[in-house]
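Peer 1: Structure of the sequence below:
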Amino acid sequence: MANNEVIGRCCLLNCDREPILVTDGRTDVRAYCVDKNEQKEFKVNWGDDGMAMFHIDCWNTLWRSACAKNPASTVLVLSEMEKDMIREAAKTAETHHSLTKIKEEAERIAQLINKSNFCIAFTGAGISTAAGIGDFRGIHGKWTTQAKVKQYGQRGLSKQRGFSLVDLRPTYTHEALLKLLEIGHMKYVISQNTDGLHRLSGIPESQISELHGNAFLEKCEKCGKRYEKNVRYRPQSTAVPPKKCERCGINHRTGGVCSDESCGGYLMNTIINFGDYLEEDVLENAMLNAKRADLVIALGSTLQVSPANSLVEMGQKPTRLVICNRQKTLYDSVCCEMDEDGTSTLGSRVFGDCDKLMSEVMKHVLPKEELQDWEARREERLVSYDMKRKL
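Peer 2: Numbering: from 1, shown residues only. Predicted coordinates for the structure are as follows:
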């Protein structure tokens with residue numbers, strides 16, 4: 001994608017600036033569907049699906065106007081319906097910093113990584129959206145759509161293409177994290193993802209805690225032995241009776257049997273559903289490494305799920321936290337805390353896509369020739385991923 005490529009015009013009707021380029025900062029929002037004949041007095045050109053795109057400051061102006069108690073003091077006089085749409089859109093608004101801003105922060109983040117003695121990563125669904133997987137709290141996320149449909153009925157629907165986990169491959173960010181682990185700049189990865197892409201990229205079991213499980217890992221419910229598989233599910237064997245989980249109500253058994261003849265236990269998936277407890281050993285390893293961390297790079301997570309989110313502040317003080325995702329989090333202020341000299345922030349807060357940020361970070365971490373060679377081998381790595389997932 002060329003840097004001067006136009007991605008659209010600002011949807012604020014009185015904005016007279018040039019079209020938004022892919023390198024510009026912007027905010028994307030999703031409210032709910034409203035017919036065009038209902039938008040006669042609106043200040044925003046809402047899409048048929050309730051989508052809209054703005055310059056970051058244009059969106060901020062809209063938001064302030066929608067929330068103002070005294071309409072006379074606002075820049076824009078909005079109808080009550082449009083105020084409601086803006087407030088609804090703000091719940092999942094996604095901001096993208098400009099490329100210039102991302103490059104500036106990437107250089108600082110690389111410096112933090114180079115100075116760190118025990119850097120860890122904390123990852124969420126946002127690092128896998130580039131691979132084709134849907135997220136949960138994004139504009140078209142699963143939980144976002146469910147909430148909008150519950151409140152607005154058919155107006156809240158969103159069209160999102162389906163995907164198969166077995167067809168997904170690691171993104172630039174997945175591979176960058178593995179590279180940082182291999183060269184010793186990063187020590188550990190804590191992930192909320194169940195898509196198996198971290199392990200597929202090559203991260204060894206000893207350097208990752210998959211808090212919510214892995215769709216490609218089974219475990220024996222009797223002896224605890226783990227098995228890696230190439231497909232997400234296997235046909236349920238009639239010889240393996242289903243067993244409803246007391247906590248989540250789901251049958252975790254996959255139809256397999258432990259290969260240890262002295263055991264013979266039934267195999268279970270490792271996915272943590274709502275109501276399930278996190279696996280103790282997985283959580284303990286995550287906490288152990290989180291406590292040692294002097295720098296945490298949180299990528300693609302809104303940091304809303306407990307107890308996972310508490311791990312990002314569990315390390316050495318002062319907390320040095322980097323967050324990159326598209327939406328606001330409750331930990332944004334931690335990133336912006338100042339050092340003892342009051343001259344620089346301890347961490348960094350970047351709004352945007354993880355792949356864009358990490359591609360800029362790696363330019364400051366790896367020597368130019370090494371970076372070019374590593375990036376050029378992407379196709380080779382894709383072949384190896386295909387072989388691992390080959391049925």
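Peer 1: For the longest helix seen in the chain, buried residues please.
Peer 2: Counting residues, the longest helix in the chain under DSSP state H turns out to be helix 99-115. Using 16 or more other CB atoms under 10 Å as the test for burial, helix 99-115 gives Leu99, Ile102, Lys103, Glu105, Ala106, Arg108, Ile109, Ala110, Leu112, Ile113. Every residue, glycine included, has its C-beta placed from N, CA and C.
Peer 1: Could I get the full set of strands for the stretch 1-150 of the chain?
Peer 2: Ranges of strands in the stretch 1-150 of the chain, per DSSP state E, counting those that start in this stretch, are 6-8, 20-21, 26-30, 51-54, 94-96, 119-123.
Peer 1: Buried deepest among those strands, which one?
Peer 2: The highest mean neighbour count among the strands of the stretch 1-150 of the chain, using mean count of other CB atoms under 10 Å, belongs to strand 119-123: a mean of 26.
Peer 1: quick revisit: please convert the buried residues of helix 99-115 to TSV, extending it with distance to Val350 and pLDDT.
Peer 2: Formatted as TSV, the buried residues of helix 99-115 follow (distance: CB to CB, whole Å; pLDDT from 0 to 100):
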residue	distance to Val350	pLDDT
Leu99	11	97
Ile102	6	98
Lys103	10	98
Glu105	5	98
Ala106	8	98
Arg108	10	97
Ile109	8	98
Ala110	13	98
Leu112	12	97
Ile113	14	98
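Peer 1: quick one: secondary structure of Leu267?
Peer 2: strand (DSSP: H, G, I helix; E, B strand; the rest coil).
Peer 1: okay, how far is it across stretch 339-349, tip to tip?
Peer 2: From its first residue to its last, stretch 339-349 covers 15 Å (CA to CA, to the nearest Å).
Peer 1: Next: stretch 22-29.
Peer 2: 16 Å.
Peer 1: Run the chain-centre distance for it.
Peer 2: 18 Å (CA atoms, centre = their mean, to the nearest Å).
Peer 1: Chain neighbours aside, what residue packs nearest to Asn285?
Peer 2: Ser209 (5.0 Å; CB to CB, 6 or more residues apart in numbering).
Peer 1: next one: Glu205
Peer 2: Nearest non-adjacent residue to Glu205, counting by CB to CB, 6+ apart: Arg199, 7.5 Å away.
Peer 1: list the contacts for that neighbour?
Peer 2: Glu205, Ile208, Glu210, Asn214, Phe216, Leu217, Glu228 (CB atoms under 8 Å, 6 or more residues apart in numbering).
Peer 1: most neighbours, which of the residues you listed?
Peer 2: Glu210 (27 neighbours; other CB atoms under 10 Å).
Peer 1: Can you give me the distance of that residue to Leu366?
Peer 2: According to CB to CB, to the nearest Å, Glu210 and Leu366 sit 26 Å apart.
Peer 1: What of Ile203?
Peer 2: 18 Å.
Peer 1: Same check on Glu205?
Peer 2: Glu205 is 25 Å from Leu366, where distance means CB to CB.
Peer 1: quick one: terminal-to-terminal distance for stretch 360-370?
Peer 2: 14 Å.
Peer 1: Please identify the buried residues of it?
Peer 2: Glu360, Val361, Met362, His364, Val365, Leu366.
Peer 1: Name the nearest residue to the second one, sequence neighbours excluded.
Peer 2: Right, Val361. Val361 sits nearest to Ala106 (CB to CB, 6+ apart), 4.7 Å away.
Peer 1: so what's that neighbour up against?
Peer 2: Contacts of Ala106 (CB under 8 Å, 6+ apart): Val350, Leu357, Glu360, Val361, Lys363, His364.
Peer 1: ok, now Ala93?
Peer 2: Counting by CB under 8 Å, 6+ apart, Ala93 has contacts Thr27, Asp28, Val29, Trp59, Gln327, Lys328.
Peer 1: same thing with Cys324?
Peer 2: Here Cys324 is in contact with Ile297, Ala298, Leu299, Gly300, Val350, Phe351, Gly352, Cys354, Leu357 (CB under 8 Å, 6+ apart).
Peer 1: Among these, the buried ones, what's the ChimeraX command?
Peer 2: Buried members of the contacts of Cys324 can be picked out in ChimeraX with the line below, counting by 16+ other CB under 10 Å:
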select :297,298,299,300,350,351,352,354,357
